[in-house]
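Chemist: A predicted structure for the sequence below; I have some questions about it.
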Amino acid sequence: MENRSCSAGWRQSRPRIRALLAAEQSPGHVAVEGWVRTVRHGKGVAFLAVNDGSCLASLQIVVDTAGPAGRALERVGTGACVRAAGRLIVSPGSGQRWELVADELVVLGPVDAAYPLQKKRHGPEFLREIAHLRPRTNLFGAVFRVRSKLAFAVHRFFQERGFLYVHTPIITANDCEGAGEMFRVTTLDPLRPPGDGTQIAWRDDFFGEKTGLTVSGQLEGELFAMAFADIYTFGPTFRAENSNTSRHAAEFWMIEPEMAFADLAADCALAEEFFRFLIQAVLAECPEELGFFEQHVAPGLIARLEAVAAAAFARMSYTEAVGALQRSGREFSFPVQWGGDLQSEHERFLSEQVVGGPLFVTDYPAELKAFYMRLNDDGRTVAAMDLLVPRVGEIIGGSQREERLEVLERRMRACGVDPAGLDWYLDTRRWGSCPHAGFGLGFERFLMYVTGVENIRDVIPFPRTPGNARF
Ligand code: 4AD
Ligand code: MG
């Protein structure tokens, strides 16, 4: 198979369709490569819509059936990979500014009738079954272009503000959130593990202790904040919680900044600035994709994002939030009571009905939160914050950290965390401890928020959820 695109000079023979469609004037004769979305036959002519993933729109390729390019047409169907060369001309038809009149058409990868993406529109459930092919659809093309742009915007935000990017480990011996939801990492023989038959001898395992996939890079991030002051992590995170919801994934990406010399108010301020920055980035850089989501996924999306980019976020203590929920007179499936965890229905009610936008809820009861959060002077709440947004609920979780050694050790024991196992973490409180704070933003939850897509499985290229890790 002829394959000119593999020549030296990687962009020589392949301008992207995005650039061609935005051209001010015709570059003349060009060659494009991409996947056929539709084939339409007219009198003596065929129209191919070819998409190369660079943008939502496809390029119309006009092929004279009797001409030299016409010979390949019988092998061109929906889904085929083609290269077409010809002149880019102003399209006489409506619906596109440019079209390519082909004098050469090569089928790089043919298809047959079994190709599953024949229809113009498929439901997300069906597309989830073919997650390996769904990037070739309009919806997933738009989602993953937004995901890529936003990943870069995350780095831009922190790099422009002098934060250090740190790669925290993926394999770890500590369960940061203390929730026991770690995937195990081991090289032991599951049928014959070392030990006395009642207990596994983890010291004989690869790392000499019990290890798993990280649930958060925070603890290591804190160590770096106590050397570089302002840091962030952005990496994969794993949770073996068996909650089959539309908002939970077993593998997701989290952004975790950590700032030395910062309290809870500074933490909320950073989260708000960061959130707004990302929304402005998607509004500025992905107008085509947002237009698609607005039309096909979530009407009103763009106005909602613009309003959030302009508004100040509300703040409310947990105690006030419980009061607001109780006063609402609303029947919740989980009754509300001081000391109880806020459920998704409560979180959504607060942001959607009580404030009508993003809302920080702060100062939760200590028993509800992880050991590392700073104990408030009242002795029963901690300096925690969750950012709640309409439709998604909790999107950010963060806190000021407990910097006092004795208080931290007491909180660990109260939470059932053995201080001896985290002696390295406690060392920062022994030597040169300082007030510090940070948070975690779930990248997929954020993508759900800005695209309007309702299931987390549809904003992850290859989602991992209970019972699902095939592709
Ligand atoms: O609230 P979480 O558990 O907080 C932490 O992990 C802290 N260590 C963060 C920090 O302070 N550095 O998780 C933070 C965010 C949540 O608000 C949510 O957006 C997302 O991570 N998240 C998930 N996203 C998808 N699937 C899951 N199973 C998630 N669990 C948490
Ligand atoms: Mg949380």
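Modeler: Structure received. Just so it is clear, the structure is predicted and the values come from calculations on it, not from any experiment. Numbering: from 1, shown residues only. Ligands and ions are numbered 1, 2, ... in the order given.

Chemist: wait, is Phe439 part of a strand?
Modeler: Yes - when classified by DSSP: H, G, I helix; E, B strand; the rest coil, Phe439 is found to be part of a strand.

Chemist: Relative to Gly397, how far out is it?
Modeler: Relative to Gly397, Phe439 is positioned 7 Å away (criterion: Cβ to Cβ, to the nearest Å). Yep, even glycine has a C-beta here, placed from its N, CA and C like the rest.

Chemist: intersection of neighbour lists for the two?
Modeler: Between them, Phe439 and Gly397 share these contacting residues under Cβ atoms under 8 Å, 6 or more residues apart in numbering: 385, 387.

Chemist: out of the two, which sits in the more crowded spot?
Modeler: A side-by-side neighbour count of Phe439 and Gly397, using other Cβ atoms under 10 Å, places Phe439 first with 24 against 20.

Chemist: Dig out what the more buried one forms beta bridges with.
Modeler: Partner residues in beta bridges with Phe439: Gly398, with DSSP bridges as the criterion.

Chemist: residues in contact with it?
Modeler: Applying Cβ under 8 Å, 6+ apart, one finds that Phe439 lies in contact with 256-257, 267, 270-271, 385, 387, 396-399.

Chemist: same question, Gly217
Modeler: 166, 168-169, 176, 233, 235, 237, 254, 256.

Chemist: and the gap between it and Ala269?
Modeler: Where Ala269 is concerned, Gly217 sits at a distance of 22 Å (Cβ to Cβ).

Chemist: quick one: low-confidence parts of the stretch 1-150 of the chain?
Modeler: Along the stretch 1-150 of the chain, the parts satisfying pLDDT under 70 run over 1-13.

Chemist: what about the helices in it?
Modeler: 17-21, 124-129, 138-160 (DSSP state H, counting those that start in this stretch).

Chemist: helices and strands around the second one, which ones?
Modeler: Same thing as helix 124-129. Identification of packing neighbours for helix 124-129 by 3 or more Cβ pairs under 8 Å, 6 or more residues apart in numbering; DSSP states H and E yields helix 138-160.

Chemist: From the chain's centroid, how far away is the helix it packs on?
Modeler: Taking Cα atoms, centre = their mean, to the nearest Å, one finds helix 138-160 lying 9 Å from the centre of the chain it belongs to.

Chemist: And it, what's buried?
Modeler: If you call a residue buried by 16 or more other Cβ atoms under 10 Å, then helix 138-160 has these buried ones: 138-147, 149-150, 153-154, 157-158.

Chemist: now, which of those residues sits nearest His29?
Modeler: Distance to His29, by Cβ to Cβ, is smallest for Gly141 among those, at 27.2 Å.

Chemist: pretty sure the closest one contacts Ser54?
Modeler: No - assessed by Cβ atoms under 8 Å, Gly141 is found out of contact with Ser54, at 9.3 Å.

Chemist: Quick check: Leu342 is in a helix.
Modeler: No - the assignment for Leu342 is coil, going by three-state DSSP, so no helix is present there.

Chemist: Hmm, it is touching Val361, no?
Modeler: Yes - at 7.1 Å, Leu342 and Val361 qualify as touching, with contact defined as Cβ under 8 Å.

Chemist: okay, and the common contacts of those two?
Modeler: With Cβ under 8 Å, 6+ apart, Leu342 and Val361 have common neighbours 318, 321, 350, 386.

Chemist: hmm, back to that, any chance of the contacts of Gly217 in a markdown table, with pLDDT and secondary structure too?
Modeler: Rendered in a markdown table, the data for those read as follows (pLDDT from 0 to 100; DSSP: H, G, I helix; E, B strand; the rest coil):
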| residue | pLDDT | secondary structure |
| --- | --- | --- |
| Val166 | 98 | coil |
| Thr168 | 98 | coil |
| Pro169 | 97 | coil |
| Cys176 | 78 | coil |
| Thr233 | 98 | strand |
| Gly235 | 98 | strand |
| Thr237 | 97 | strand |
| Met254 | 98 | strand |
| Glu256 | 98 | strand |
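
Chemist: Throw together a PyMOL command that grabs the buried residues out of those residues.
Modeler: With 16+ other Cβ under 10 Å as the burial test, the buried ones among these are selected in PyMOL as follows:
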select buried, resi 166+168+176+233+235+237+254+256
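
Chemist: restrict the contacts of Gly217 to those near ligand 1?
Modeler: Counting by Cβ under 6 Å from any ligand atom, 176, 254, 256 from the contacts of Gly217 sit close to ligand 1.

Chemist: Number of residues surrounding Leu388?
Modeler: Other residues near Leu388 number 29, with proximity taken as other Cβ under 10 Å.

Chemist: I should have written Ala85 there, sorry.
Modeler: The number of residues packed near Ala85 is 19, by other Cβ under 10 Å.

Chemist: Does the residue lying closest to Gly416 once chain neighbours are set aside belong to a helix, a strand or coil?
Modeler: Closest residue in space to Gly416, ignoring its immediate chain neighbours: Gly178 at 7.3 Å, by Cβ to Cβ, 6 or more residues apart in numbering. Taking three-state DSSP as the rule, one finds Gly178 in the coil state.

Chemist: quick one: contacts for Gly178?
Modeler: Contacts for Gly178 (Cβ under 8 Å, 6+ apart) come out as 370-371, 415-417.

Chemist: Tell me the pLDDT of it.
Modeler: pLDDT, the model's per-residue confidence, is 79 for Gly178.

Chemist: same question, Trp253
Modeler: Model confidence at Trp253, given as pLDDT, is 98.
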